[in-house]
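# Turn this into a structure:
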Amino acid sequence: MARGQCNCGSVAFEIDAPLSDVYMCHCSICRRFTGSNGIAVVVVDNEAFRWIRGEANIASWNKPDADWQASFCRVCGSALPGVNDGSRMFVPAGTISEGGEALTIAHHIWVGSKAHWDIIGDSGRLHPDAFGESS
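So this is what the prediction gives:
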């Protein structure tokens, strides 16, 4: 079991599944969302994820003309888990406070869109887009 929360603790969640693979997205949307080189997330089945407090404090923003949504805490602004597809959630890896000891970056996605100053220095597989050909 893993647990996580936002910076202020207003929103918290649990994941009832083993966690290992981190996906690091380098796209321009994720860079602007975090203000850094992208966002590191784990992807979990909807059935394994549950909010334990603060759902009323979750705000979301949908990028116009794109299939992308950002969720964040209304109180502190921390990035929060969100819908990945119909059956899975993405969980920002930095919000996991317990149970993330086995996490390691396994994939870098949207590397073709990364910032020129972003240097990838680990052994995660490189993908020019979401999951096209690996580099």
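# Now the terminal residues of stretch 101-121, how far apart.
Stretch 101-121 stretches 20 Å from its first residue to its last (CA to CA, to the nearest Å).
# Start the count at 543 instead of 1 going forward.
With 543 as the first residue, the last one maps to stretch 643-663.
# Go through it and flag the buried ones.
Neighbour-count burial for stretch 643-663, counted by 16 or more other CB atoms under 10 Å, picks out 645, 647, 649-653, 655-656. Quick note: C-beta positions are derived from backbone N, CA and C, even for glycine.
# Which strands and helices lie in contact with the helix or strand of the chain at the bottom of the mean pLDDT ranking?
When the helices and strands of the chain are scored by mean pLDDT, DSSP states H and E, strand 624-625 comes last with a mean of 88. Judged by 3 or more CB pairs under 8 Å, 6 or more residues apart in numbering; DSSP states H and E, the packing partners of strand 624-625 are strand 611-615, strand 630-634.
# For that strand, which outside residues touch it?
The contact list for strand 624-625, computed with CB atoms under 8 Å, 6 or more residues apart in numbering, reads 602, 611-613, 631-632.
# How far away from the center of its chain is stretch 546-566?
Put simply, stretch 546-566 sits 9 Å off its chain's centre (CA atoms, centre = their mean, to the nearest Å).
# would you list every one of the helices in this structure?
Per DSSP state H, the chain carries helices over the ranges 570-576.
# And the strands in it?
With DSSP state E as the criterion, the chain has strands at 544-547, 554-557, 563-567, 581-587, 591-595, 600-604, 611-615, 621-622, 624-625, 630-634, 638-640, 646-651, 667-668.
# Can I get those in CSV including distance to Arg573?
Converted to CSV, the strands of the chain look like this (distance: least, CB to CB, whole Å):
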stretch, distance to Arg573
strand 544-547, 22
strand 554-557, 24
strand 563-567, 9
strand 581-587, 8
strand 591-595, 25
strand 600-604, 15
strand 611-615, 12
strand 621-622, 12
strand 624-625, 17
strand 630-634, 14
strand 638-640, 21
strand 646-651, 13
strand 667-668, 17
